[in-house]
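Undergrad: The following comprises the amino acid sequence and a computationally predicted model.
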Amino acid sequence: PRQVADRLNWDPFREFGIQCRIGRTLEKSGSAASGLDLDLLSSAAKDFVSLAREQGGYASLTQEWAEQLLLALTERLRRNGGIQHPLLDAYVKQKGNDYLFNQQKVLSPLGRPGSGRRPNFFATFTAKDSFERLISSGATPTWAQLWIEKSLKLKESEVLIDAAVKSLVKHKIWTELAVDGDDHDRAWGLNPEQLFIYNETSHLVCDDCRTSITVPPTHAAIWTHSPCLRHKCQGKHILAPDQALSFFGDLYRRGEIVRVRAKEHTSMLEREDRESLERSFMREGKDSQSTDPKMLSCTPTLEMGVDVGNLSTVILCSVPPEQANYAQRVGRGGRRDGNSLALTVAASDPHDLAYYEVPQNMIAGDVRMPAIFLNAPAVLERQLTAYCIDRWVEETPSANIPKDMSAIYVRMSSGEESPGAFPRS
């Protein structure tokens with residue numbers, strides 16, 4: 001239960017943090033957005049302007065620009081997954097120790113540095129792709145310095161960044177995190193208590209690279225005409241002409257989401273279990289239950305004789321041996337209205353690759369009439385032997401079953417008998 005609770009607690013941090021712009025997330029689909037309290041942001045911006053004027057003589061700074069800077073820094077930190085969370089405390093303290101992160105079973109394991117995304121916090125140092133400098137230690141400017149340079153055409157921005165950090169920490173928007181090592185090393189994470197989720201969204205895009213951001217409607221005015229968050233882009237954010245929800249955004253809003261539950265349908269199932277599975281799979285509309293399977297993993301035995309209702313999609317994990325097999329399998333779909341999607345995955349063997357090159361030979365090939373070769377005593381012998389082995393195993397719990405069937409045929413041909421082995425008289 002504790003791990004389940006930890007995972008449920010972690011998922012919102014992941015959804016609105018490091019994974020917020022990847023896949024069909026709530027933010028990317030336009031279903032929800034995260035943002036700061038505007039009154040708190042305004043207070044932090046006022047303190048920032050006062051500090052910047054006092055420490056660096058920046059008399060021309062405006063409240064509007066200050067709010068844009070603080071929002072941009074916080075948005076960068078959020079997107080990088082730099083949100084403070086108890087599960088990340090040890091990972092942060094030891095400057096991105098992968099082992100300590102991966103010890104948390106509820107978190108997805110990290111790959112080696114440089115091989116994938118990992119929580120990234122602002123800091124006065126860099127370490128293992130987990131900490132991003134705010135102020136450069138060399139000639140190459142940091143993301144924060146480039147953003148200020150794009151906005152103010154100002155290369156010397158150390159004082160502004162220092163004032164921004166102090167203002168954000170003072171108003172508890174950011175939290176200073178404990179790290180091992182040099183006493184001068186500092187790291188900062190976003191305080192989750194100051195991050196709010198909104199169910200109304202506005203979309204903005206860069207007028208140059210067309211990169212999009214999703215923000216609460218109350219934040220849209222601040223973001224408009226602010227520099228693009230991509231460090232090499234010189235564009236500015238503008239309201240997107242189309243504010244409509246995406247397909248998934250509309251789906252999330254309606255709440256008509258069904259969990260896909262998969263079950264196996266094979267000849268190994270007991271009849272009662274198999275029939276119960278078929279009934280639950282075929283239930284639709286008001287009779288349908290949330291626990292009903294919506295996907296079946298089947299063996300070729302489903303080709304004929306079993307009714308599993310209306311199928312919308314059929315996926316074949318290999319190319320069937322004959323056109324008749326293909327017709328039977330893909331023909332399971334679309335029986336209600338004639339519409340279905342049939343996908344076939346070709347393996348790397350010669351048979352599959354041959355039909356992959358010329359799929360028409362399978363899709364539109366001739367279906368041969370079924371036939372059987374009656375003069376086949378070897379086949380009958382093997383079937384009878386298999387039946388006898390089944391009965392022998394059923395009657396003899398201590399039966400010595402060989403790993404290879406060839407051993408049985410060798411003993412049968414030689415007439416040899418051994419205690420506890422098959423065949424026996």
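TA: Structure received.

Undergrad: which stretches of the protein aren't confidently modelled?
TA: Residue ranges of the chain with pLDDT under 70: 112-116, 128, 256-257, 303-305, 417-420, 423-425.

Undergrad: all strands of it, in order?
TA: Ranges of strands in the chain, per DSSP state E, are 33-35, 121-123, 131-133, 174-177, 187-190, 196-198, 202-206, 212-215, 237-239, 262-265, 295-298, 313-316, 341-344.

Undergrad: I'd guessed Ala347 sits against Ala354; true?
TA: No: in this structure, Ala347 is not within contact of Ala354 by C-beta atoms under 8 Å, at 11.4 Å. In short, each C-beta sits where N, CA and C put it, glycine included.

Undergrad: thinking again about what came up before, can I get the strands of the chain in JSON lines with distance to Gly82 and mean neighbour count?
TA: Shown next, in JSON lines, are these (distance: least, C-beta to C-beta, whole Å; neighbours: other C-beta atoms under 10 Å):
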{"stretch": "strand 33-35", "distance to Gly82": "13", "mean neighbour count": "25"}
{"stretch": "strand 121-123", "distance to Gly82": "4", "mean neighbour count": "25"}
{"stretch": "strand 131-133", "distance to Gly82": "8", "mean neighbour count": "21"}
{"stretch": "strand 174-177", "distance to Gly82": "9", "mean neighbour count": "19"}
{"stretch": "strand 187-190", "distance to Gly82": "5", "mean neighbour count": "24"}
{"stretch": "strand 196-198", "distance to Gly82": "17", "mean neighbour count": "14"}
{"stretch": "strand 202-206", "distance to Gly82": "22", "mean neighbour count": "20"}
{"stretch": "strand 212-215", "distance to Gly82": "17", "mean neighbour count": "21"}
{"stretch": "strand 237-239", "distance to Gly82": "21", "mean neighbour count": "17"}
{"stretch": "strand 262-265", "distance to Gly82": "36", "mean neighbour count": "14"}
{"stretch": "strand 295-298", "distance to Gly82": "38", "mean neighbour count": "14"}
{"stretch": "strand 313-316", "distance to Gly82": "40", "mean neighbour count": "14"}
{"stretch": "strand 341-344", "distance to Gly82": "40", "mean neighbour count": "15"}
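
Undergrad: out of those, nearest to Leu251?
TA: strand 212-215 (16.3 Å; C-beta to C-beta).

Undergrad: ok, residues contacting the closest one?
TA: Residues from elsewhere that reach strand 212-215 (C-beta atoms under 8 Å, 6 or more residues apart in numbering): 27-28, 30, 33, 35, 75, 201-206, 223, 229, 237, 240.

Undergrad: Kindly export that strand (C-alpha atoms) in CSV.
TA: What follows is strand 212-215, C-alpha atoms only, in CSV (Å, rounded to 0.1, in the frame of the first residue of the first chain):
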residue,chain,number,x,y,z
SER,A,212,4.2,25.7,-28.3
ILE,A,213,3.5,26.3,-24.6
THR,A,214,0.3,25.6,-22.6
VAL,A,215,-0.4,28.1,-19.8
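
Undergrad: strands paired with it, and their directions?
TA: strand 202-206 (antiparallel) (DSSP bridges).

Undergrad: in the stretch 151-300 of the chain, which spans are helices?
TA: Taking DSSP state H, counting those that start in this stretch, the helices of the stretch 151-300 of the chain run over residues 158-170, 220-223, 247-254, 271-282.

Undergrad: Packing partners of the second one?
TA: Packing contacts for helix 220-223, counted by 3 or more C-beta pairs under 8 Å, 6 or more residues apart in numbering; DSSP states H and E, involve helix 63-79, strand 202-206.

Undergrad: Show me which residues of that helix are buried.
TA: 220, 222-223 (16 or more other C-beta atoms under 10 Å).

Undergrad: right, and out of the residues you listed, which lies closest to Val165?
TA: Ile222 (19.4 Å).

Undergrad: What distance do you get for the closest one to Ser398?
TA: Distance of Ile222 to Ser398, computed by C-beta to C-beta, to the nearest Å: 79 Å.

Undergrad: Thanks again, I'm all set now.
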